[in-house]
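Q: Here is a sequence together with a model predicted from it:
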Amino acid sequence: MIEHRPFNTLGGAHHGWLDAKHHFSFAEYHDPERVHWGALRVWNDDTIAANTGFPPHPHADMEIITYVREGAITHEDNLGNKGRTVAGDVQVMSAGTGIRHSEYNLESDVTQIFQIWIIPDRRGEPPAWGSKPFPKDDRSGQFVALASGLKGDEDALPIRADARVLGATLKAGETIEYRFADADRYGYLVPAKGKVEINGVALETRDGAAIHGETLIRVTAHEDAELVLVDAAG
């Protein structure tokens, strides 16, 4: 089963400095049919104005993955971590027993991110943060694990969940496949750029595809595309 979730059906809010679209219930947006997808709890599509951002605020017991689509995000937390993550790269924050952080766009133009929250398998562990570059050329024509709690994904940023976040880039006309371990897995795919088709379902840029009961997906790009995919347990 693949459920197409067009971008114009997503929840959202516009705060002036922040234009947020929500694939799942978040903040003041609540849809009982879109609360989570397996262990995937949040997928926010955020556009952050220049020289603005999220002031210090707390989190606990959540794996928070930030995929930067355009611009850069600057992170600072109460553990002493500081870092600037640029377009195409990824940062992971394991909130654990509790962390307080800020995320600012200190650039001269807008920053666009996907913020993905995954429910952890393990609780009671110390918080952690990390960032890593993932050159788009290395993802050309294939899915590459960006953040993962699965064995075999040692090159990915670690998360404390039975899940992985993957990225891929495709040229127009190219097709790639991804195989889930079994049909009980929950997949969610969003083209950050480009129009694609997944198992015959057409997606526009920033649409969502909720996947369940499938062991294999085949993605064909109708124009140059950049993909982000989550593979998570139930």
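A: Received the coordinates, thanks. Numbering: from 1, shown residues only.
Q: quick one: Ile113 and Trp43 touch, right?
A: No: Ile113 is beyond contact range of Trp43, at 11.0 Å (criterion: C-beta atoms under 8 Å). For every residue, glycine as well, the C-beta is placed using N, CA and C.
Q: give the contact list for Ile217.
A: The neighbours of Ile217, taking C-beta atoms under 8 Å, 6 or more residues apart in numbering as the test, are 2, 177-178, 180, 187, 189, 198-199, 211.
Q: Who are the packing partners of the worst-scoring helix or strand of the chain on mean pLDDT?
A: Across the helices and strands of the chain, mean confidence by mean pLDDT, DSSP states H and E is lowest for strand 11-14: a mean of 94. With contacts defined as 3 or more C-beta pairs under 8 Å, 6 or more residues apart in numbering; DSSP states H and E, strand 11-14 has these neighbours: strand 18-22.
Q: Spit out the contact partners of the residue nearest to Pro126 when sequence neighbours are not counted.
A: Nearest residue to Pro126, sequence neighbours excluded (C-beta to C-beta, 6 or more residues apart in numbering): Gly96, at 5.3 Å. By C-beta under 8 Å, 6+ apart, the contact set of Gly96 is 60-61, 123-128, 160.
Q: Just give me the residue closest to the centre of this structure.
A: The structure's the chain has its C-alpha centroid closest to Ile116; by C-alpha atoms, centre = their mean the separation is 4.1 Å.
Q: Tyr188 against Arg34, yeah?
A: No: with contact defined as C-beta under 8 Å, Tyr188 does not reach Arg34; the gap is 11.0 Å.
Q: Look at these two and report which has more neighbours.
A: Tyr188 (24 against 21; other C-beta atoms under 10 Å).
Q: What separation do you get for that one and Pro32?
A: Applying C-beta to C-beta, to the nearest Å, the value for Tyr188 to Pro32 is 18 Å.
Q: try Lys82
A: Between Lys82 and Pro32 the distance is 39 Å, computed by C-beta to C-beta.
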